[in-house]
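predicted model and sequence follow; I will ask about them next.
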Amino acid sequence: MQRAKTNRAGMKRAAVLACWLLGLLGPVTTATPVRADTVAVSGRVLGPDDEPVVGADIIIATGSWKVKTLELRTDAEGRFVANIEVSEFALDRHWVASAAIIARGLGLAGSMLRRGENTLRLGHGVSLSGVVNDPEGQPVAGVLVRLSRINAGRKILFNVYADQPPLRDRFLMRTGPDGRWRFDDMPVAGSASVELDDPRYVRTSVQAPLSPMPATAPPLVVQPGANITGRVIHKNGEPAADIEIMVQSQDKAQVKAQGKTGEDGTYKITGLPAGTFRVMADAEFGEWVALAVEGVKTQAGQETRAGDLVLERGVLLEGTVVDADTNAPVMGARTEATGAHGISRSTYLDKAGRYSIRVMPGEVRFYSMAQPPDYLSVSKRYVAVIGPETTAIEPIQL
């Protein structure tokens, strides 16, 4: 086992790691909740002239199993104060949350927040524009376009993800009669990802550098989209509402999409290309699992109905993760399991190094990854056959 040295590069790696742990990459896994505590965070926002920025919107994100957001606005002195919940394993970390900062006329920025006082800086803002065309190169009006991500330049440590609420609604617009779109208040460094977010068309994206100015994105080209519909039910036939649906391509396209069931248990996933897909259900807290529906084929401009996803309790996978040298429990590491349910389910370890994940019976692939401040990235992967009852796994050593 290798231990990390305390240096500037190490602190940057830890900051990037904290960003990942706080779930900024979006809902790619389901995680089991852990106990949360409240910490005080405060600070001020400064502009490029080092003057306070009044009325800047600050969107704070935190959470270990599901991202929670808190919206604030700076006062007449550019200051903000918040009490935020952080997970048990993050209490001893230098960084406790992430923030996106938005102010009219200045560049959108992202930063990590530490407990206590913080200074957040905004640079000058630029505009990013582009056009949506049909396959013949003609502009298309009324198409929904969304800013999905700001990729930080080399001198900027953090990325800003704009495809998570509440940022999502702030950077969504329709093209004008000339097929054009424009987003203001972009940073002057790095690049932006912009995508079609219109249910009529295949979801596609382009990358655009934000310098030199004026920043212009490559054209987005519309193609008729395919839809997948279906329903999620319990074993007694009752509809299951408010269940996350995830769709993943089973070919080389590597397409992913998601939605949620309504009160009647039905769902509709739009904007897919032609191909073959796996459909998966994901219940909050990971208390229910369902066998994934495989081989759902789609065609451009058409709707395909998938088979029912049937929820059941599944099997509880339990175990501990310990230090290979000391046999002490590893707190804050992550254990993730994937099986016939398709979705990667993960949990963060408590102070005793314990994990508990509900999965479908059968072959389960799982790994534990330790990246607390005392470790470099260390992971172990396993494959196990899980029976119909609660299964205890031998301690994993990292």
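It's in.

quick one, helices of the stretch 51-200 of the chain?
For the stretch 51-200 of the chain, the helices defined by DSSP state H, counting those that start in this stretch cover 167-170.

so where's it uncertain?
By pLDDT under 70, the low-scoring segments of the stretch 51-200 of the chain are 63-67, 87-94, 153-159, 163.

try 80 this time
Within the stretch 51-200 of the chain, the ranges that satisfy pLDDT under 80 run 62-68, 85-95, 152-166.

give me the domain ranges for this protein.
33-121, 126-221, 226-312, 315-397 (automatic domain parsing).

what is the end-to-end distance of the second one?
In domain 126-221, first residue to last residue: 24 Å (CA to CA, to the nearest Å).

now the domains of the chain in JSON lines, with mean neighbour count?
Every residue, glycine included, has its C-beta placed from N, CA and C. Shown next, in JSON lines, are those (neighbours: other CB atoms under 10 Å):
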{"stretch": "domain 33-121", "mean neighbour count": "18"}
{"stretch": "domain 126-221", "mean neighbour count": "17"}
{"stretch": "domain 226-312", "mean neighbour count": "17"}
{"stretch": "domain 315-397", "mean neighbour count": "18"}
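
quick one: list the elements packing against the longest strand along the chain.
In the chain, with assignment by DSSP state E, the single longest strand is strand 36-46. Strand 36-46 makes packing contacts with strand 79-87, strand 95-102, strand 109-114, strand 116-121 when contacts are defined by 3 or more CB pairs under 8 Å, 6 or more residues apart in numbering; DSSP states H and E.

which of those strands sits closest to Leu210?
Closest of the helices and strands packed on strand 36-46 to Leu210 is strand 109-114, at 12.3 Å (criterion: CB to CB).

tell me the angle of that closest one relative to strand 116-121?
Using axes from the mean of the first three to the mean of the last three CA atoms, to 10 degrees, one finds that strand 109-114 and strand 116-121 are set 160 degrees apart in direction.

now strand 109-114 against strand 79-87, angle please.
Using the same axes, to 10 degrees: strand 109-114 against strand 79-87 is 70 degrees.

can you list the strands that strand 109-114 pairs with?
Strand pairing for strand 109-114, using DSSP bridges, gives strand 95-102 (antiparallel).

quick one: contacts for the closest residue to Pro139 other than its chain neighbours?
Spatially, and ignoring its direct neighbours in sequence, Pro139 is nearest to Gly179 (2.6 Å; CB to CB, 6 or more residues apart in numbering). By CB atoms under 8 Å, 6 or more residues apart in numbering, the contact list for Gly179 reads 131-133, 138-141, 143.

measure Gly179 to Gly130 for me?
Gly179 is 9 Å from Gly130, where distance means CB to CB, to the nearest Å.

Leu272 now?
For Leu272, the distance to Gly130 - CB to CB - is 23 Å.

same check on Gly105?
21 Å.

Glu263 too?
Separation of Glu263 from Gly130 (CB to CB) stands at 38 Å.

next: Ser148.
To Gly130, Ser148 is 13 Å away according to CB to CB.

which residues are in contact with each of these two?
Each of Val194 lies in contact with both Ser148 and Gly130 under the rule CB under 8 Å, 6+ apart.

give the contact list for the residue lying closest to Ala283 once chain neighbours are set aside.
Distances taken as CB to CB, 6+ apart put Ile243 closest to Ala283, at 5.7 Å, once the chain neighbours are dropped. Ile243 makes contact with 232, 260-261, 265, 267, 281-283, 288, 309, 311, according to CB under 8 Å, 6+ apart.

any idea how far Ile243 lies from Asn236?
15 Å.

Ala328 too?
In terms of CB to CB, Ala328 sits 45 Å off from Asn236.

equivalent analysis for Ala141, please.
Ala141 is 48 Å from Asn236, by CB to CB.

Ala82 and Glu71: what is the separation?
Distance, Ala82 to Glu71, using CB to CB: 10 Å.

so what sits against both of these two?
Ile60.

out of all residues in the chain, which is the farthest from the middle?
For the chain, the residue at maximal distance from the C-alpha centroid (CA atoms, centre = their mean) is Glu136, at 34.7 Å.

related to what we said a few turns ago, right, so of the helices and strands packed on strand 36-46, which gets closest to Gly353?
Closest to Gly353 of those, according to CB to CB: strand 79-87, at 15.0 Å.

packing partners for the closest one?
In terms of contacts (3+ CB pairs under 8 Å, 6+ apart), strand 79-87 is packed against strand 36-46, strand 57-62, strand 68-73, strand 95-102.

residues contacting the residue lying closest to Gly47 once chain neighbours are set aside?
Excluding its sequence neighbours, the residue lying closest to Gly47 (CB to CB, 6+ apart) is Val53, at 4.9 Å. Neighbour list for Val53: 45-47, 74, 78, 103, 106, 122 [criterion: CB under 8 Å, 6+ apart].

rerun at 6 Å
Counting by CB atoms under 6 Å, 6 or more residues apart in numbering, Val53 touches 45, 47, 78, 103.

now do the contacts for the residue lying closest to the last one once chain neighbours are set aside.
Just to be clear, that refers to Ala103. Excluding the flanking residues, the one nearest Ala103 by CB to CB, 6+ apart is Ala56, at 4.0 Å. Each residue near Ala56 by CB under 6 Å, 6+ apart is listed here: 45, 74, 101, 103.
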